[in-house]
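Enquirer: coords please:
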Amino acid sequence: MKRRLYTLVLTVSLALGLSAMPYSVAREQALYLTDKMAYELRLNSWQYEQVYQTNLDYFLSIDSEPQAYGAYWTYRNDDLYYILQEAQYRLYSTIDYFLRPIKWLKGGWHFTVCNHYRPGHYYYKRPVAYVDIIIISALWLT
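Expert: This next block holds a predicted model:
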């Protein structure tokens, strides 16, 4: 009985893990995307923090190809409509790699903004909401 339960739990966790984006990947990609949005859209510090949170929530919410441009994508755009100024939102909606930041290609996620910017180059420092897992672990253990 224990063996069957263990096998079932392992199978379900593997199935869920194959499609869902890991937190570390979502966090890094949200930071990278937000940094480029801040550069091109000239976001202020409040907008930068809010856009990062919105992008991170979006990346963490999707776990399959059909969801990439479903309800969560609509929620993201609605949030950005209220965060950005009118001129910024108009510009945002014309830049495809911001509007549609993720695609499913060959069995994996592809981040379209990476085609337009040098990998690893950032214009701004990390947002306050970006916390290192090591720091969280250290705080939790104390």
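Enquirer: which parts of the protein are helices?
Expert: 2-19, 23-41, 45-61, 71-83, 86-94, 96-99, 133-141 (DSSP state H).
Enquirer: what about the spatially closest residue to residue 63 that is not a sequence neighbour, neighbour count?
Expert: Closest residue to residue 63 apart from its sequence neighbours, by C-beta to C-beta, 6 or more residues apart in numbering: residue 20 at 4.2 Å. Heads up, the C-betas are built off the backbone N, CA and C, glycines and all. Per other C-beta atoms under 10 Å, the neighbour tally for residue 20 reads 15.
Enquirer: start at 871 instead
Expert: With 871 as the first residue, the last one maps to residue 890.
Enquirer: could you check how far residue 890 is from residue 949?
Expert: Plainly put, residue 890 is 21 Å away from residue 949 if you go by C-beta to C-beta, to the nearest Å.
Enquirer: now swap in residue 957 and tell me
Expert: Distance from residue 957 to residue 949, by C-beta to C-beta: 18 Å.
Enquirer: so which of the two has more stuff around it?
Expert: residue 949 (17 against 10).
Enquirer: is that one in contact with residue 922, as I believe?
Expert: No. Residue 949 is not in contact with residue 922 according to C-beta atoms under 8 Å; the separation is 11.6 Å.
Enquirer: run through this structure and note the low-pLDDT ranges.
Expert: Scanning the chain for pLDDT under 70 picks out 871-889, 1001-1012.
Enquirer: for the nearest residue in space to residue 971 that is not next to it in sequence, list the residues it contacts.
Expert: Once flanking residues are discounted, residue 971 sits nearest to residue 903: 5.4 Å by C-beta to C-beta, 6+ apart. With contact set as C-beta atoms under 8 Å, 6 or more residues apart in numbering, residue 903 has these partners: 925, 968, 971, 981, 983.
Enquirer: so can I have a markdown table of these showing neighbour count and distance to residue 937?
Expert: Shown next, in a markdown table, are the contacts of residue 903 (neighbours: other C-beta atoms under 10 Å; distance: C-beta to C-beta, whole Å):
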| residue | neighbour count | distance to residue 937 |
| --- | --- | --- |
| 925 | 25 | 15 |
| 968 | 22 | 19 |
| 971 | 26 | 13 |
| 981 | 17 | 16 |
| 983 | 21 | 19 |
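Enquirer: thanks a lot, see you next time.
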